[in-house]
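> Show me how the following folds:
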Amino acid sequence: MSTKIGTTIAYLKACQEARAAGYPIHLTTDPSWLLDMAIGRRAGWVEDPHAFGIVEPVNGKLPRFATGDAERHLRQIGDRVNSRVVVRASELGEWKSYLTRQLPGRFMQPGDDC
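Predicted coordinates:
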C-alpha cells in the first residue's frame with residue numbers, strides 16, 4: 001500500500017472513531033462524505049462547488065443543477081420577493097410553475113395593475 005493510501009485510510013479510521021466517540025462532525029471530518037468524495041474522484045467525476053460533493057457527468061457534461069445557475073436564479077428571486085419588490089411571473093423562468101404553486105397570488109400576471 002502506498003503512503004498516500006495508508007495515510008488516507010488512517011485518517012478515515014480516526015474520523016470514524018471520533019464520530020463514534022461523540023465528537024462534533026463537520027463536512028471535512030465526516031467519514032461517509034470523505035469516502036464518497038474519494039470514490040467519486042477515483043471515478044473521474046467532477047466536484048460540484050455548489051453542493052460540496054461529487055457530481056456524476058451525464059453524457060460527458062455536468063447536469064444543469066451542478067453549474068449553480070438555477071440556484072443562483074432562485075436566490076435572486078427569493079431576495080426580490082423577501083424585499084417586497086414587485087416580481088412578475090414572466091421573470092420567474094424555470095421556477096415559474098413551482099413558485100406560483102407555492103406562493104399563489106404573490107406574482108403579478110399580465111394585465112395586473114401595479
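
> Which parts of the chain belong to which domain?
3-59, 69-102 (automatic domain parsing).

> which of the ones you listed has the lowest average pLDDT?
Comparing mean pLDDT across the domains of the chain, the lowest value falls on domain 3-59: a mean of 79.

> Can you add mean neighbour count and distance to Gln109 and give the domains of the chain back as a markdown table?
Every residue, glycine included, has its C-beta placed from N, CA and C. Putting those into a markdown table (neighbours: other Cβ atoms under 10 Å; distance: least, Cβ to Cβ, whole Å) gives the following:
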| stretch | mean neighbour count | distance to Gln109 |
| --- | --- | --- |
| domain 3-59 | 13 | 31 |
| domain 69-102 | 13 | 5 |
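
> how about those in TSV, adding distance to Met108?
Shown next, in TSV, are those (distance: least, Cβ to Cβ, whole Å):
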stretch	distance to Met108
domain 3-59	30
domain 69-102	5
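
> For this protein, which segments count as strands?
Per DSSP state E, the chain carries strands over the ranges 46-48, 53-55.

> Just the CA trace of the longest helix along the chain, in CSV.
Scanning the chain for the longest helix, with DSSP state H as the assignment, gives helix 3-20. C-alpha atoms of helix 3-20 as CSV (Å, rounded to 0.1, in the frame of the first residue of the first chain):
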residue,chain,number,x,y,z
THR,A,3,1.9,6.1,1.7
LYS,A,4,-0.9,8.3,0.4
ILE,A,5,-3.5,5.4,0.6
GLY,A,6,-2.3,4.4,4.0
THR,A,7,-2.5,7.9,5.3
THR,A,8,-6.0,8.3,3.9
ILE,A,9,-7.2,5.1,5.5
ALA,A,10,-5.7,6.1,8.8
TYR,A,11,-7.5,9.5,8.6
LEU,A,12,-10.8,7.8,7.7
LYS,A,13,-10.5,5.5,10.7
ALA,A,14,-9.6,8.4,13.0
CYS,A,15,-12.7,10.2,11.8
GLN,A,16,-14.9,7.1,12.3
GLU,A,17,-13.5,6.7,15.9
ALA,A,18,-14.1,10.4,16.6
ARG,A,19,-17.7,10.2,15.4
ALA,A,20,-18.3,7.1,17.4
